[in-house]
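>>> sequence first, then the predicted structure, then my questions.
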Amino acid sequence: MQLNSLDDLRPIGIFDSGVGGLSVLRAIRKQLPKEAIIYFGDQGHVPYGNRPREEILRFSHAITRFLMIMGAKEIVVACNTASTVALQDLRKAYPEIPFVGMEPAVKPAAENTRTGVVGVLATPATFQGELYASVVERFADNVTLLQSTCPGLVQQIERGELKSLKTRAILASALYPMMDKGIDTIVLGCTHYPFVIPLIQEIVGPDVRVIDPAPAIARQVERVLDSHDIRAIGEYSQPLQLFTSGNLTLFKALLPKLFNQECKIQEAKWEDSELIVTGTSS
């Protein structure tokens, strides 16, 4: 039996404004089952999409420090809004740790669209950010992009309402106008949105492709681990820990709908702009 190395025991850190990053965690767990992982969902501040830039930066720095204290060897900013606002700043502030962020999948959408019309669902902060503008400038010159912020959709997913009439109405109001203009591809620019892909597919039909960014992010996480020579090489899956700054009981009740895997769940509360672990649930 191969003994665990230090890098086997050090976790990948993942954070999001809430439960949306669990879609990325799910893909990373599938791609890298031997890696230890710590996930933090900032449900005490969800959603990030309409918050001021300064707040998002402050939250992102504090969460990064928390994950580094927990021993993270790589940090995944599994939130499009936080990636847009804070990713470059985090890389400059913490050069000793590699980061992977979210980028709207405009490039594969533009390369594969047949009609030349692509729908993008994302938060206001993502649409207003330099990262999105750069992606559009580089890859979408000859493509028409139709955008929607889907107001209220993140909150519906945070409540576990993945198939409710209200959730359907939010998506329908965004997607029907896009369908009328000939979209054949939808880009999900928020990590919460993959949890409603089945509902999106019901609305748009089988001829419209919906791009889930999570598998591509998981592959990038793997590449970064390998490039820094910090990939786990042990024989067995390592622990998975979940933290929330919100209500621990509600988070635990929501998990079976989003991430049906047994794991340790803990509460981490904000105190003086830092995170303190305060509770545990089996």
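Sure, I can see it.
>>> isn't residue 104 up against residue 187?
Yes: at 5.5 Å, residue 104 counts as touching residue 187 under the criterion of CB atoms under 8 Å. C-betas here are computed from N, CA, C, even on glycine.
>>> what do those two both touch?
120, 122 (CB atoms under 8 Å, 6 or more residues apart in numbering).
>>> state the helix or strand in which residue 137 lies.
helix 130-139 (DSSP states H and E).
>>> which other helices and strands does that helix contact?
Contact here means 3 or more CB pairs under 8 Å, 6 or more residues apart in numbering; DSSP states H and E; on that basis helix 130-139 packs against helix 80-93, helix 106-112.
>>> single out the most deeply packed of these.
Of all these, helix 80-93 carries the top mean neighbour count, a mean of 22, counting by mean count of other CB atoms under 10 Å.
>>> immediately after that one, which helix or strand?
strand 99-101.
>>> what mean pLDDT does that next one have?
Averaged over strand 99-101, pLDDT sits at 98.
>>> and it, what other elements does it pack with?
Looks like strand 99-101 contacts strand 74-77, helix 80-93, helix 214-227 (3+ CB pairs under 8 Å, 6+ apart).
>>> end to end, how far does stretch 104-115 reach?
19 Å (CA to CA, to the nearest Å).
>>> can you redo the helices and strands packed on helix 130-139 as TSV with mean pLDDT?
Below are the helices and strands packed on helix 130-139 laid out as TSV (pLDDT from 0 to 100):
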stretch	mean pLDDT
helix 80-93	97
helix 106-112	95
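>>> of the ones you listed, which is nearest residue 180?
Closest to residue 180 of the helices and strands packed on helix 130-139 is helix 106-112 (CB to CB; 18.5 Å).
>>> so what strands line up beside the helix or strand that the closest one is followed by?
Counting by DSSP H and E, the next helix or strand C-terminal to helix 106-112 is strand 117-122. Taking DSSP bridges as the criterion, strand 117-122 sits next to strand 144-148 (parallel), strand 185-189 (parallel) in its sheet.
>>> angle of the first one against helix 130-139?
On the basis of axes from the mean of the first three to the mean of the last three CA atoms, to 10 degrees, strand 144-148 is oriented at 160 degrees to helix 130-139.
>>> so for strand 144-148, mean pLDDT?
pLDDT averaged over strand 144-148 gives 98.
>>> wait, is residue 65 part of a strand?
No: counting by DSSP: H, G, I helix; E, B strand; the rest coil, residue 65 is not found in a strand; it is helix.
>>> burial check on it, number of neighbours?
14 (other CB atoms under 10 Å).
>>> just the one 3 residues further on next, same as before
Around residue 68 there are 15 other residues, counting by other CB under 10 Å.
>>> from residue 238, how far off is it?
18 Å (CB to CB, to the nearest Å).
>>> swap in residue 116?
The gap separating residue 116 from residue 238 is 45 Å, by CB to CB.
>>> which of those two has more neighbours?
Counted by other CB under 10 Å, residue 116 and residue 238 do not tie: residue 238 has more neighbours, with 18 against 13.
>>> correct me, but the more buried one touches residue 34?
Yes: between residue 238 and residue 34 a contact is recorded at 6.2 Å, counting by CB under 8 Å.
>>> how does the chain divide into domains?
6-102+215-281, 106-212 (automatic domain parsing).
>>> can you tell me which of the strands paired with strand 117-122 is most buried?
Mean neighbour counts were taken over the strands paired with strand 117-122 using mean count of other CB under 10 Å, and the top value, a mean of 27, falls to strand 185-189.
>>> from the rest of the structure, what touches the helix or strand following that one?
As assigned by DSSP H and E, the chain's next helix or strand after strand 185-189 is helix 197-204. Helix 197-204 has contacts (CB under 8 Å, 6+ apart) with 162-163, 167-168, 171-172, 175-176, 179, 183, 186, 188, 193, 208, 210, 212.
>>> quick one, which of those residues are buried?
Among these, those scoring as buried are 162, 167-168, 171-172, 175, 179, 183, 186, 188, 193, 208, 210, 212 (criterion: 16 or more other CB atoms under 10 Å).
>>> same list (those) but as TSV, adding distance to residue 18.
As requested, the buried ones among the contacts of helix 197-204 are exported to TSV (distance: CB to CB, whole Å):
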residue	distance to residue 18
162	14
167	15
168	21
171	18
172	23
175	23
179	28
183	27
186	21
188	15
193	12
208	27
210	21
212	18
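>>> name the nearest of those residues relative to residue 51.
residue 193 (18.3 Å).
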